[in-house]
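Colleague: curious how this folds, go ahead:
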Amino acid sequence: MVDTAEAEQLIRQGLGRRGMRRANGSNGRSGTSSSGRELSAGAGDVLSEGIQGYGRLTQSPGLQRLKLFLNMTVSPILLIAFVPNLVIFIWFTVVHCDGSYWTMLTKLFSQRSIITGIADMWRLVNTPSTPVVSILVAYGLYALVMMRLLPGKMVKGPVTPKGNVPVYKDNGFVYYLVTLALFWGLTYFLRPYGYTPSIIYDRFDEVLFALNAFSLVFCLFLYLKGLFAPSSSDSGSSGNVIFDYYWGTELYPRIFGFDVKLFTNCRFGMMGWALLVCVHAVKSYELHGFVDSMFVSVALQLIYITKFFWWEAGYMSTIDIMVDRAGFYICWGCLVYIPGLYTSPTFYMVSQPVILGLPLAALFLICGAVAIWVNYEADMQKQMVRGSNGNCLVWGRKPELIHARYCLENGQEKESLLLASGWWGMARHFHYVPEITLALCWSIPALFHNILPYSYLIFLVILLVHRTFRDDEKCARKYGSFWQQYCKKVPHKMVPYLF
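Modeller: Below is the predicted model:
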């Protein structure tokens, strides 16, 4: 994970690398030498004064510049270079290693260097064929057309730091239902003629290759658009090309009126997740007939995604939309990582079927359904309180609220309601707990022969724990003393009494 808080501050202040040097009163050459002296002096403080010396060391301008260099240059380079390989690792492990990461590591790296092993893996990936490219292009165009044609009311997103108010057409749930109906209808009518959606499973390496290639180029386009033709004032550069490509240069880019993040995150990424698990269900049925573990996993994922699209207007007020810019981090993640990683449990179970039996299948299904309900209730409590300005009941009582005032960058004062009761009184980010529980429930039907079906769960735990810190830092900067009041009322970060 890249810590973007300080970088965002630089972008808002208009400071890039040159601005950082001016702010620190040094040019490149003298800054390097003074940095060495500061580090040396700081090291002496640590030896002589212990913790207090360490505190001064970590606050020294030299280490602050080093930290920014690591966060804004080194980490993004490593992520951009490495993570496109992760989805290929998953495909290679399932298709060529019987779903075993240990076998994959042995095959690729036991007698090769890391670079050679990765190169050999990519040689097994087929370049995208005409049918695969045609399907992906048709799906993307279909998503764009449906964004315009399907009915939906206009909803406003939260006010941006620059005082803008983004507006969206809330037709995601209709789009989701129409798309699933078309998928199953076409599958039913075309399979007798030899046309089956399982071609996507059979050629998934081509799909991942095509999505990776497109996403890398698309993110470059978004980077340039933000610099030369931004859609709003919520844009800007850090002065670091690598970080700007990774993080993005616009918060709400629009192309010909189409909202980019609504397309990548929701219409392509989340809908693609739903379609892919349906493809896996079809392929599993073609190979093995009905398999209860596949049914449980697919059912829970579809219920979760259904809830997502039902609540899509609320998603427009989450950190993905409000804070994360449209760059490699969010756009590549939605276009490639969601299809490649999030669907890995069912992708694995196509070739590794498990018969659970009715009691175990029912247990996993019920536990997952309860987790979805808790997650939905938590989201609805917050939306209900903000939509009614606190004039509602939470768990049968008047909600406990903190009226937090904050200022936009243009100096305009605003107010937000911080809910400190209901699910939000248990922990500041309690809604992440049912999300992790749910991911466990749709992964565990694969049982414990290999760790691969739990790849998404492991990633999700890391992501959400990291996000609790990001959320807290963002809210502390935004709300100041009001956030401190909230933390006193709700002292637990995510898991009550534990974390």
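
Colleague: contacts and neighbour counts: CA atoms only from here.
Modeller: Fine.

Colleague: low-confidence ranges in this structure?
Modeller: The model of the chain has pLDDT under 70 over residues 1-60, 409-410, 499.

Colleague: what about the strands in it?
Modeller: Here the chain has its strands, by DSSP state E, at 153-156, 167-170, 254-255, 258-259, 401-407, 413-419.

Colleague: next, the angle strand 401-407 makes with the last one.
Modeller: Taking axes from the mean of the first three to the mean of the last three C-alpha atoms, to 10 degrees, one finds strand 413-419 and strand 401-407 inclined to each other by 150 degrees.

Colleague: ok so, going back, now the strands of the chain as a markdown table including mean neighbour count and distance to residue 288?
Modeller: Compiled in a markdown table, the strands of the chain are given as follows (neighbours: other C-alpha atoms under 10 Å; distance: least, C-alpha to C-alpha, whole Å):
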| stretch | mean neighbour count | distance to residue 288 |
| --- | --- | --- |
| strand 153-156 | 12 | 44 |
| strand 167-170 | 17 | 39 |
| strand 254-255 | 14 | 44 |
| strand 258-259 | 17 | 41 |
| strand 401-407 | 16 | 54 |
| strand 413-419 | 15 | 49 |
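
Colleague: columns distance to residue 347 on top of those strands, output as JSON lines?
Modeller: Listed next are those as JSON lines, based on distance: least, C-alpha to C-alpha, whole Å:
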{"stretch": "strand 153-156", "distance to residue 347": "36"}
{"stretch": "strand 167-170", "distance to residue 347": "31"}
{"stretch": "strand 254-255", "distance to residue 347": "33"}
{"stretch": "strand 258-259", "distance to residue 347": "30"}
{"stretch": "strand 401-407", "distance to residue 347": "44"}
{"stretch": "strand 413-419", "distance to residue 347": "39"}
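
Colleague: looking at those strands, which is closest to residue 227?
Modeller: strand 254-255 (13.5 Å; C-alpha to C-alpha).

Colleague: quick one: strands adjacent to that closest one?
Modeller: strand 258-259 (antiparallel) (DSSP bridges).

Colleague: among the strands of the chain, which is nearest residue 452?
Modeller: It's strand 258-259; of the strands of the chain, that one is closest to residue 452 (C-alpha to C-alpha) at 34.2 Å.

Colleague: next one: the closest one to chain centre, how far?
Modeller: Distance of strand 258-259 from its chain centroid, counting by C-alpha atoms, centre = their mean, to the nearest Å, is 19 Å.

Colleague: what residues does that strand touch?
Modeller: 144, 168, 252, 253 (C-alpha atoms under 8 Å, 6 or more residues apart in numbering).

Colleague: ok, the first one - contacts?
Modeller: Contact criterion C-alpha under 8 Å, 6+ apart gives 258, 263 as the residues in contact with residue 144.

Colleague: show me the two of the contacts of strand 258-259 that sit farthest apart.
Modeller: Farthest pair in the contacts of strand 258-259, by C-alpha to C-alpha: 144 and 252, 16.7 Å.

Colleague: how close does residue 269 sit to residue 341?
Modeller: 11 Å (C-alpha to C-alpha, to the nearest Å).

Colleague: burial measure for residue 328, as a count.
Modeller: Number of residues near residue 328 (other C-alpha atoms under 10 Å) recorded here: 27.

Colleague: without its sequence neighbours, what residue ends up closest to it?
Modeller: residue 246 (4.6 Å; C-alpha to C-alpha, 6 or more residues apart in numbering).

Colleague: so the one you found touches residue 329, yeah?
Modeller: Yes. Applying C-alpha atoms under 8 Å, one finds residue 246 in contact with residue 329, separated by 5.7 Å.

Colleague: ok, residue 164 - contacts?
Modeller: Contacts of residue 164 by C-alpha under 8 Å, 6+ apart are 232, 233, 234.

Colleague: no, scratch that, I was asking about residue 167
Modeller: 154, 155, 156, 157.

Colleague: same question, residue 190
Modeller: Residue 190 touches residue 196, counting by C-alpha under 8 Å, 6+ apart.

Colleague: show me the chain divided up by domain.
Modeller: 127-355, 380-499 (automatic domain parsing).

Colleague: in TSV: those domains, plus distance to residue 369.
Modeller: As requested, those are exported to TSV (distance: least, C-alpha to C-alpha, whole Å):
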stretch	distance to residue 369
domain 127-355	7
domain 380-499	8
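
Colleague: how far away is residue 167 from residue 344?
Modeller: 34 Å.

Colleague: oh, I was asking about residue 136
Modeller: Taking C-alpha to C-alpha, one finds residue 136 at 19 Å from residue 344.

Colleague: again, but for residue 322
Modeller: Distance from residue 322 to residue 344, by C-alpha to C-alpha: 28 Å.

Colleague: give the contact list for the closest residue in space to residue 304 that isn't next to it in sequence.
Modeller: Nearest non-adjacent residue to residue 304, counting by C-alpha to C-alpha, 6+ apart: residue 372, 6.4 Å away. Neighbouring residues of residue 372 by C-alpha under 8 Å, 6+ apart: 303, 304, 434, 435, 438.

Colleague: among those, which pair sits farthest apart?
Modeller: Longest span within the contacts of residue 372, C-alpha to C-alpha: 303 and 434, 13.7 Å.
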